[in-house]
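Novice: Give me coordinates for this.
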Amino acid sequence: MIVKMFDLARDHREIKNKILDITEKVLTDGEFILGKEVRAFEEAFARYIGVKHAVGVGSGTDAIKIAGLASGLEKGDKVVTTPNTYIATAMSLSLHGIIPVLCDIETQTYNMDPDRLDEILKKEKGIKLCIPVHLYGHPCHMDEIVKICRNRGVGILEDACQAHGSLYKGKKVGGFGDASAFSFYPTKNLGCYGDAGMLLTDSDLVYENALMLRNHGQSARHAHTIEGYNSRLDELQAAILSYKLEHLDGWNAKRQVIAGWYGKGLAGTPVVLPKEEPWAYHVYHLFVLRTKERDKLMKYLADKGVTTLIHYPTPIHLQEAYRFLGYERGSFPQAETAAEEIVSLPMYPSLSEEEVGYVCDAIRTFYA
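Specialist: From the prediction side, this is the model:
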């Protein structure tokens, strides 16, 4: 049996006719940039998350960048985030002279450790913003993070690029901080057919700044108030995302079922299964195991036709691009250990119970 890590073509077949109808409508309307479809999706997604404003942009990377700059970050300011996230969490802002400070993680959720965050904010000067990452679709400990940051006068930008629909104590992530960023990359729980992203905020000032920053600094047509970028969500992707948003909760529920199949099928094996805290609703953007035999297991599964990946094999502080930060191997032991042991199994809404059973049987055979 061949089991892909993602199967976007299979997921697409279920909604193919509706997507074709949407595409035909947008093409017929002849409006492609920052039109009614973008406005409709911005309003719908803001309602879904439970915030006041949403700004559609070109990617999740741009959502982090524009949210940070719209919040007032300037060259030389510092932001604190985790080392075991996708590089864009740091690079989207470090390219503008904003300095990443890194915080180690919890061993079970792989998210920012609030105790370590508190220690960092006590000793590190110049941190203006905290960027907790709701990694793999599991929410961070937002009560603790918000309390710590508020006590220190540090803003919060949630990186929710992997956590569409994830809940912390019954409330959707993306609405706890001063702003949040989402990605609609094709493999995300809410994905489009290209690159797209969105930032959300309750702040009128951040919202107005973001509107200008995404569109060449324009405050009105041909009136450029600030220097800005070309990062605009297009009409076609917005229209498709509006339709897909209606199905997001159902697709997330399927991911929960699939995670349950994995949990049952792998019970009693030496692998460490993902942890879902009792206060969390994990949307399983990824289903990530830990095992000390990671590389051998991945090769064995590949020989059996099962695709696996590592998210992410090299923490930020060990990347060549970030040597200038001055961290060394051993600086963040929890993140480094996780990076050596994690492996992502296939996970997407149309994955069948038979396919999950095949993957689990292969893993059980490997350990037998």
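Novice: The residue nearest to Thr269 when sequence neighbours are not counted: how many residues sit nearby?
Specialist: Of all residues not flanking Thr269 in the chain, Tyr367 sits nearest, at 5.5 Å (C-beta to C-beta, 6 or more residues apart in numbering). The C-beta positions use only the backbone N, C-alpha and C, and glycine is treated the same way. For Tyr367, the neighbour count with other C-beta atoms under 10 Å is 14.
Novice: just Glu354 next, same as before
Specialist: So Glu354, with other C-beta under 10 Å, has 10 neighbours.
Novice: So it lies in a helix, does it not?
Specialist: Yes - looking at Glu354 with DSSP: H, G, I helix; E, B strand; the rest coil, it is inside a helix.
Novice: Please report how far it lies from Ser344.
Specialist: For Glu354, the distance to Ser344 equals 20 Å [C-beta to C-beta, to the nearest Å].
Novice: go on, Gly137?
Specialist: 12 Å.
Novice: Overlap of the contact sets of these two?
Specialist: Leu286 (C-beta atoms under 8 Å, 6 or more residues apart in numbering).
Novice: Tell me which of the two has more neighbours.
Specialist: Gly137 (29 against 19).
Novice: residues in contact with the more buried one?
Specialist: When contacts are counted by C-beta under 8 Å, 6+ apart, Gly137 is found next to 162-163, 166, 189, 255, 282-286.
Novice: where's the biggest helix by length in the chain relative to the chain centroid, distance-wise?
Specialist: For the chain, the longest helix by residue count, based on DSSP state H, is helix 248-265. Helix 248-265 has its C-alpha centroid displaced from the chain centroid by 18 Å (C-alpha atoms, centre = their mean, to the nearest Å).
Novice: Sheet partners, orientation included, of the following helix or strand past that helix?
Specialist: Proceeding N to C from helix 248-265, the next assigned helix or strand is strand 280-281, under DSSP states H and E. Paired with strand 280-281 in the same sheet, following DSSP bridges, are strand 167-168 (antiparallel).
Novice: so where do the strands sit in the stretch 201-350 of the chain?
Specialist: 218-220, 223-224, 280-281, 287-290, 342-345 (DSSP state E, counting those that start in this stretch).
Novice: and stretch 340-359, what's its mean pLDDT?
Specialist: Here stretch 340-359 scores 98 as its mean pLDDT.
Novice: hmm, who's touching that stretch?
Specialist: 1, 3-8, 10-11, 14, 110, 251, 254-255, 258-259, 261-262, 265, 272, 284-292, 294, 297-298, 301, 304, 306-311.
Novice: which ones are touching Ser59?
Specialist: Contacts of Ser59 by C-beta under 8 Å, 6+ apart are 183, 185, 195-197, 231.
Novice: From Ile148, how far out is it?
Specialist: Ser59 is 29 Å from Ile148, by C-beta to C-beta.
Novice: Give me the pLDDT value at His12.
Specialist: Confidence score, pLDDT, at His12: 92.
Novice: Only the buried residues of the helix or strand where it lies, if you could.
Specialist: In this assignment (DSSP H and E), His12 forms part of helix 8-13. Of the residues in helix 8-13, those buried by neighbour count under the rule 16 or more other C-beta atoms under 10 Å are Asp11.
Novice: which residues are in contact with that helix?
Specialist: Residues outside helix 8-13 that contact it (C-beta under 8 Å, 6+ apart): 19, 186-187, 191, 348-350.
Novice: In a markdown table, list the residues you listed along with distance to His247 and neighbour count.
Specialist: Shown next, in a markdown table, are the contacts of helix 8-13 (distance: C-beta to C-beta, whole Å; neighbours: other C-beta atoms under 10 Å):
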| residue | distance to His247 | neighbour count |
| --- | --- | --- |
| Ile19 | 12 | 17 |
| Pro186 | 15 | 15 |
| Thr187 | 16 | 15 |
| Gly191 | 12 | 20 |
| Tyr348 | 13 | 20 |
| Pro349 | 9 | 20 |
| Ser350 | 12 | 16 |
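Novice: if we take those residues, which one ends up nearest to Ile87?
Specialist: Closest approach to Ile87 among the contacts of helix 8-13 (C-beta to C-beta): Thr187, at 16.4 Å.
Novice: Backbone dihedrals for the closest one, please?
Specialist: phi -90, psi 0 (degrees, to the nearest 10).
Novice: My read is that it contacts Phe6, right?
Specialist: Yes - shown here, Thr187 and Phe6 form a contact pair, counting by C-beta atoms under 8 Å, at 5.1 Å.
Novice: For Ala220, report the pLDDT, please.
Specialist: 94.
Novice: for Val206, same thing?
Specialist: 98.
Novice: count of neighbours near it?
Specialist: 25.
Novice: In contact with the closest residue in space to it that isn't next to it in sequence, which residues are there?
Specialist: Spatial nearest neighbour of Val206, excluding adjacent residues (C-beta to C-beta, 6+ apart): Ala70 at 4.7 Å. Contact partners of Ala70, counting by C-beta under 8 Å, 6+ apart, are 179, 199, 201, 206-207, 209-210, 213.
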